[in-house]
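In: After the sequence you'll find the predicted model.
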Amino acid sequence: MRTVTFESLQADQAWMVVSDQLNQRNTLLSRSISKLEQQPQTLPIASRLMTLRYHLRQSLRRLTAESRKLPATTDQADALNRQWCHIHELYFLLRQVDAELINARDKSEPLNQWLDTLELRVYKSALVHLN
């Protein structure tokens with residue numbers, strides 16, 4: 001039976017926050033790509049976001065496959081450490097996606113205007129303890 005500690009609850013909550021944010025960014029990337037494909041002058045930016053989305057999805061598959069290959073451990077500290085490492089890798093991906101979206105906004109005024117009309121949920125306060 002697994003022992004629940006404050007640290008394990010904190011790691012589980014961080015996992016849920018990062019997973020939720022990555023799902024939102026994936027959806028945002030998809031919608032942004034569709035929006036950019038409507039105008040010929042923004043196709044290079046759409047292509048860049050497609051590449052980023054592909055990289056995000058492949059990285060998530062790789063990280064998930066790696067975590068499944070690791071043997072189950074009875075050492076709680078080791079399991080918690082592995083979970084935090086995984087969370088930090090996902091958080092790094094999240095920051096990469098955010099940086100590319102900022103670059104895309106700077107290069108495309110139509111995308112910038114469209115993103116300003118969206119109501120985006122970003123839990124910055126919940127992600128602060130990951131830094």
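Out: Perfect, I can see it now.
In: where does this structure dip in pLDDT?
Out: Across the chain, the ranges flagged by pLDDT under 70 are 1-2, 70, 72-74, 119-131.
In: how about a cut-off of 50?
Out: Applying pLDDT under 50 to the chain picks out residues 1, 123-126, 128-129, 131.
In: Which parts of it are helices?
Out: Taking DSSP state H as the test, the helices found in the chain are 6-36, 43-69, 76-107, 109-117, 124-127.
In: May I see the buried residues of the longest one?
Out: Spelled out, it's helix 76-107. Using 16 or more other Cβ atoms under 10 Å as the burial criterion, the residues of helix 76-107 that qualify are 79-80, 82-84, 86-87, 89-91, 93-94, 97, 100-101, 104-105. Just so you know, the C-beta spots here come from the backbone N, C-alpha and C atoms, and that holds for glycine as well.
In: same check, this time on the fourth one
Out: Buried residues in helix 109-117, counted by 16+ other Cβ under 10 Å: Leu111, Trp114, Leu115.
In: Closest to Thr64 out of those?
Out: Leu115 (28.7 Å; Cβ to Cβ).
In: Run a quick check on the closest one versus Ser32, I expect a contact.
Out: Yes - between Leu115 and Ser32 there is a contact under Cβ atoms under 8 Å: 7.3 Å.
In: Find the residues that touch each one of the two.
Out: Both Leu115 and Ser32 are in contact with Leu101, where contact means Cβ atoms under 8 Å, 6 or more residues apart in numbering.
In: on that earlier part again, return the closest of the buried residues of helix 109-117 with respect to Pro71.
Out: Using Cβ to Cβ, Leu115 comes nearest to Pro71 of the buried residues of helix 109-117, at 43.4 Å.
In: Now do the contacts for the residue lying closest to that closest one once chain neighbours are set aside.
Out: Using Cβ to Cβ, 6 or more residues apart in numbering and skipping the chain neighbours, the partner closest in space to Leu115 is Arg105 (6.2 Å). By Cβ under 8 Å, 6+ apart, the contact list for Arg105 reads Leu111, Asn112, Leu115.
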